[in-house]
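*Asks:* just the structure for this:
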Amino acid sequence: DFLAGDRHVDRFQAVLASGPKAVVIAMQNVPWVDPDGMEALRDIITMLDENTVKVYLACPRPKVAETLEKEEWYREKIASCQRVFPTEKSALIAAVGTSKDLEIGGGGLSHHDASLGA
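*Replies:* Got it, this is the predicted structure:
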């Protein structure tokens, strides 16, 4: 549940402190995104983007994908860069493929499950 959106932003600030080059946000457990969740996701992605961390989304459900597509920031920062993948594995491979020195969990690549809806 995303009633505590600030908590999620704080989690990603901690991730950012570890110095990743890419972050995969797994969204398969997100059935919907409310306005507060959308704002928090936007803030997280903007924060990571401003720190040159590439963000990849994995497994967004159709209802979530439809909601995201309506957001200009999403179309600019994620969709236009082709960083949305149907599986976690494909997102992880894409993230690792962008840089030879990425390591899962080793300061190069961070993988996080999201909970932006119910």
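*Asks:* going forward, measure contacts between C-alpha atoms and count neighbours the same way
*Replies:* Noted.
*Asks:* next, name the residue at the spatial heart of this structure.
*Replies:* Nearest residue to the geometric centre of the chain (CA atoms, centre = their mean): residue 25, 3.6 Å.
*Asks:* which residues does that one bridge with?
*Replies:* For residue 25, the beta-bridge partners are residue 57, residue 112 (DSSP bridges).
*Asks:* adjust the sequence numbering to begin at 622 for everything that follows.
*Replies:* In the new count, where the first residue is 622, that last one comes out as residue 646.
*Asks:* go ahead and confirm it touches residue 676.
*Replies:* Yes - in this structure, residue 646 is within contact of residue 676 by CA atoms under 8 Å, at 7.4 Å.
*Asks:* CA atoms of stretch 641-654 as CSV?
*Replies:* What follows is stretch 641-654 as a C-alpha-only set of coordinates in CSV (Å, rounded to 0.1, in the frame of the first residue of the first chain):
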residue,chain,number,x,y,z
PRO,A,641,24.0,2.3,-8.4
LYS,A,642,24.3,3.0,-12.1
ALA,A,643,20.9,1.4,-12.7
VAL,A,644,17.7,0.5,-10.7
VAL,A,645,15.1,-2.0,-11.7
ILE,A,646,11.7,-1.4,-10.1
ALA,A,647,9.6,-4.6,-10.2
MET,A,648,5.9,-3.7,-10.4
GLN,A,649,4.2,-7.1,-10.8
ASN,A,650,2.6,-6.7,-7.3
VAL,A,651,1.2,-3.3,-8.0
PRO,A,652,-2.5,-3.6,-9.0
TRP,A,653,-3.1,0.1,-9.3
VAL,A,654,-1.4,3.5,-8.6
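*Asks:* so how far is it from its chain's centroid?
*Replies:* 4 Å (CA atoms, centre = their mean, to the nearest Å).
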